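>>> Sequence unavailable; structure follows:
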């Protein structure tokens, strides 16, 4: 089966979009592990323990900085001090003069720290932060008043008599090796493979280091990190990467424990303020822009984190299963560098605008060089990358076109790209033939669930797949059913200060569809096709379009930091088959779903659906068989004893409503009442055995009948009465044949509460978006949201439904359900040429946004 790409990011590459290669620098037999630059030089840290210094204007090697005895894993500049920091596998940080290209200090963390993977310099605090292999976070302040380690070490390692500050100290001679003894070998970090049976020594991890040859240059001043400047177990994994935000007040750290931690940088040290869990492998790269952090993960994902709201707002799928080892940013453009050698550029709307094979191996490092000569042909911006192919490559890049509004991570209301995202996502969703009734599409249904989970995750939801399983007695084959997709958009922190928690709304939908035989379709049913303001394809109105509209509405509110409630999406894959196993699965994962205050649903509005038109149209098939004909009389009244006994009487308010609806729709009020509030019986099919030849008498005849019930009918009572009536009527025929009655599926009635603030919030949202007051109707089965041109605009909110899962959800969570249909009666749900109006889809999304805002403003905790 063809694997469909899960990414929501569009491929917007154009001819000429690839950055030209300006120059290549060759590192002799050495991977380029780290990079940095100032106005004159490019610095590259290598696996051979040295730092190469390249002239930026001539691209020639100017010098080599030696001193480390391990691979140079990270480089960081302190531009205001003309310093270069380098960290290594030898557990030291070395500080170099970028003007004299000479060593200044050695910061020794001791062998217990292991490899020093990451560095960050805070100019405001004059502090360097170090991420370590032993999971610790350490820091050193270059302020004399707060650096006791400096005072304790300076007298033993300085060759001049006295100094008043570190800068003058750094100006002392650097040619004489320090008398500080070399570090001791560590049993773990300096060990050989067990089969070699050799004791640990400093040569274990650095075989190129030997007694032969020139000794490395060492600094005259060795510093030590005070014990108070160490946070042990800052993570539960190696601290691979760091990023400082703004003026250095906040520090983000990424680790092999799949988390990003946010630290408040104070004069007394970092203080943990938040932890993001990314769940896609180790965090190998971090880059920050404004109040947004991008985290590159081991599995090829980039997590977009909003620091103000402390939420995940988007996930970019770069290449699944391929590690992201480095990232760089130019304004709103993100460059990702992966282990397959590919470099990709992503726009502010998270679309891929360029991708190219940058290295013949792994891309290990990158940075953006802002060239100080913008008038030259070489341009003002360069992307510099390094790989394990021994090359440094310099790419000429252009900055993105400035956006009018970059206040949020996702495009704001009115920005075309959010609309494009929804339509683009719908095209991919529709392309998956998730037909739940056909066993040959079981894998398609699973892929649809996986795709939807990834889609919701990219839009900012916390997601999971919950499997519906059965015992052998319930399902003899032991096979499972299609999984539920659970996604939660968490509201912005700080809303509802007068409440102990945010309101929580559950949206129920389904990703499965009914079959779509090609006969009768004007286009491929599983290829989204736009014609005359409509989108055509199986599932666009039932229910894939509404599901994505609701998700995009929540994502857009999160972008504006205006989502004042939690929205939980519960999307099943068995609705078209009766929601088998749905209740058991919800109970199993009820704690994961959490407390719910209201339920929102949106479904299809098919033409001549038995739940919509039953009882309001003549059904000639009822006259075909005497038994079936006995179910109704000449006035199409159902003859089952007690069928109408408990139907809720019509109120005066309803009579006035039906009169208003009759004026609007130009249909008789009695017909509307029969359609919307009276029970009905419908004959669907008659099947015969044999060759279906006119000369053959079939030995077996099957028929399908459905009954729609209304408030306050009892489901079990009606079922028993129907079976008993059929059996009694058949006995009266005195036929030698046999009758078998089987109830295949049942669902109770549901009537919405029109008086609580939840319904009024939704009603108000519809009015605000469409500009007219919605009409309150009842419909069975599934129903519609029908804005169309009559003598006035008609917009409907449905109060009654027979969607199987809705009554169950109301009872399970002890709250009311609201139905907001986004389709219309001409959308052909369950029929060929299923479609949805673009206007309905966009305004449906806008209604959901307004509803969620209204809910947050009017929220009062649900009392059960």
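Cool, got the structure. This one's a predicted model, so the numbers in the text were calculated from it and none came from an experiment. Residues are numbered from 1 along each chain as shown.
>>> Now do the SS call for the nearest residue to residue 466 once chain neighbours are set aside.
Among residues not flanking residue 466 along the chain, residue 484 sits closest, at 4.4 Å (C-beta to C-beta, 6 or more residues apart in numbering). Any C-beta I mention is one placed from the backbone N, CA and C, and that applies to glycine too. Following DSSP: H, G, I helix; E, B strand; the rest coil, the label given to residue 484 is strand.
>>> I'd like to know how many residues surround residue 484.
Residue 484: 25 surrounding residues under other C-beta atoms under 10 Å.
>>> now do residue 527
By the criterion of other C-beta under 10 Å, residue 527 has 12 neighbours.
>>> who's in contact with it?
427, 430, 431, 537 (C-beta atoms under 8 Å, 6 or more residues apart in numbering).
>>> Isn't the first one up against residue 530?
Same thing as residue 427. No - between residue 427 and residue 530 there is no contact under C-beta atoms under 8 Å: 9.3 Å.
>>> buried stuff in stretch 354-368?
In terms of neighbour count (16 or more other C-beta atoms under 10 Å), stretch 354-368 has its buried residues at 354, 355, 358, 359, 362, 363, 364, 365, 366, 367, 368.
>>> I'd say residue 302 and residue 312 touch.
No - Residue 302 lies out of contact with residue 312 (C-beta under 8 Å); the separation is 11.1 Å.
>>> For residue 319, pull up the helix or strand it's in.
For residue 319, there is no host helix or strand (DSSP states H and E).
>>> excluding its backbone neighbours, what's nearest it?
Using C-beta to C-beta, 6+ apart and skipping the chain neighbours, the partner closest in space to residue 319 is residue 300 (4.6 Å).
>>> Let me see the confidence value for that neighbour.
With respect to pLDDT, residue 300 scores 95.
>>> Now do the contacts for it.
By C-beta under 8 Å, 6+ apart, the residues touching residue 300 are 280, 317, 318, 319, 320, 321, 322, 323, 324, 338.
>>> measure the second one to residue 9 for me?
Relative to residue 9, residue 317 is positioned 7 Å away (criterion: C-beta to C-beta, to the nearest Å).
>>> Who has more neighbours out of the two?
A direct count of neighbours by other C-beta under 10 Å for residue 317 and residue 9 places residue 9 higher, at 23 against 19.
>>> tell me the secondary structure for the more buried one?
coil.
>>> still on that earlier bit, among the buried residues of stretch 354-368, which lie within strands?
354, 355, 363, 364, 365, 366, 367, 368 (DSSP state E).
>>> Residue 768 should be in a helix, yeah?
Yes - Residue 768 sits within a helix when classified using three-state DSSP.
>>> Ignoring the adjacent residues along the chain, who's closest to it?
The shortest distance from residue 768 to any non-neighbouring residue, by C-beta to C-beta, 6+ apart, is to residue 850 (5.4 Å).
>>> List the buried residues in the helix or strand encompassing that neighbour.
Using DSSP H and E, residue 850 sits in helix 838-858. Buried residues in helix 838-858, defined by neighbour count with 16+ other C-beta under 10 Å: 838, 840-856.
>>> Next, the distance between the ends of stretch 535-549.
14 Å (C-alpha to C-alpha, to the nearest Å).
>>> From the chain's centroid, how far away is it?
The chain centroid and the centroid of stretch 535-549 are separated by 19 Å, computed with C-alpha atoms, centre = their mean, to the nearest Å.
>>> what is the mean pLDDT for it?
95.
>>> ok, now stretch 732-748?
Here stretch 732-748 scores 74 as its mean pLDDT.
>>> Stretch 461-481 now?
pLDDT averaged over stretch 461-481 gives 55.
>>> Repeat that for stretch 315-335.
For stretch 315-335, mean pLDDT is 94.
>>> likewise stretch 656-665?
pLDDT averaged over stretch 656-665 gives 71.
>>> ok, now stretch 572-581?
Mean predicted confidence for stretch 572-581 is 87.
>>> Could you give the separation of it from the chain centroid?
On the basis of C-alpha atoms, centre = their mean, stretch 572-581 sits 24 Å off its chain's mean C-alpha point.
>>> can you check stretch 443-460 too?
Relative to the chain's own centre, stretch 443-460 is displaced by 9 Å; criterion: C-alpha atoms, centre = their mean.
>>> cool, stretch 563-581 as well?
17 Å.
>>> for the helix or strand hosting residue 274, which positions count as buried?
Assigned by DSSP H and E, residue 274 belongs to strand 269-277. By 16+ other C-beta under 10 Å, the buried positions in strand 269-277 come out as 269, 270, 276.
>>> Over to the residue of the chain most remote from its centre: give its phi and psi.
Relative to the centre of the chain, the most outlying C-alpha is that of residue 734, 63.6 Å out, by C-alpha atoms, centre = their mean. Main-chain torsions, residue 734, degrees, to the nearest 10: phi 50, psi 50.
>>> Which parts of the stretch 1-150 of the chain are helices?
In the stretch 1-150 of the chain, the segments counted as helices under DSSP state H, counting those that start in this stretch are 148-157.
>>> the strands in it, which residues?
Along the stretch 1-150 of the chain, the stretches classed as strands by DSSP state E, counting those that start in this stretch are 21-26, 32-37, 41-46, 51-55, 61-65, 72-78, 83-88, 92-97, 102-108, 116-122, 127-132, 137-141.
>>> what is the orientation angle of the third one with strand 21-26?
Put plainly, it is strand 41-46. 50 degrees (axes from the mean of the first three to the mean of the last three C-alpha atoms, to 10 degrees).
>>> what pairs with strand 41-46, and is each one parallel or antiparallel?
The strands that strand 41-46 pairs with in its sheet are strand 32-37 (antiparallel), strand 51-55 (antiparallel) (by DSSP bridges).
>>> Tell me who's in contact with the residue nearest to residue 768.
Here residue 850 is in contact with 764, 765, 768, 769 (C-beta under 8 Å, 6+ apart).
>>> Can you say which of those residues are buried?
764, 765, 769.
>>> Dump those to a markdown table, plus pLDDT.
As requested, the buried ones among the contacts of residue 850 are exported to a markdown table (pLDDT from 0 to 100):
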| residue | pLDDT |
| --- | --- |
| 764 | 82 |
| 765 | 83 |
| 769 | 84 |
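>>> could I get those as CSV with distance to residue 388?
Output for the buried ones among the contacts of residue 850, formatted as CSV (distance: C-beta to C-beta, whole Å):
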residue, distance to residue 388
764, 60
765, 55
769, 55
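>>> Nearest to residue 22, out of those residues: which one, please.
residue 769 (51.0 Å; C-beta to C-beta).
>>> For the closest one, which residues are in contact?
843, 846, 847, 850.
>>> Report pLDDT for the third one.
Going back to what we said before, that points to residue 847. 94.
>>> Residue 806: which element?
Per DSSP H and E: helix 805-813 holds residue 806.
>>> Any chance of TSV for the buried residues of stretch 354-368, columns distance to residue 660 and pLDDT?
Converted to TSV, the buried residues of stretch 354-368 look like this (distance: C-beta to C-beta, whole Å; pLDDT from 0 to 100):
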residue	distance to residue 660	pLDDT
354	57	94
355	58	95
358	66	96
359	70	97
362	69	96
363	66	97
364	70	97
365	69	97
366	65	97
367	67	96
368	63	95
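>>> Could you identify the pair within the contacts of residue 769 that is furthest apart?
Using C-beta to C-beta, the two most remote members of these are 843 and 850, lying 10.1 Å apart.
>>> Tell me which other helices or strands the helix or strand just after the helix holding residue 806 touches.
Per DSSP H and E, the first helix or strand lying C-terminal to helix 805-813 is strand 816-819. Secondary-structure packing of strand 816-819 (3 or more C-beta pairs under 8 Å, 6 or more residues apart in numbering; DSSP states H and E): strand 598-601, helix 757-770, strand 796-798, helix 805-813.
>>> angle of the longest one against helix 838-858?
Helix 757-770 and helix 838-858 meet at an angle of 140 degrees, taking the same axes, to 10 degrees as the criterion.
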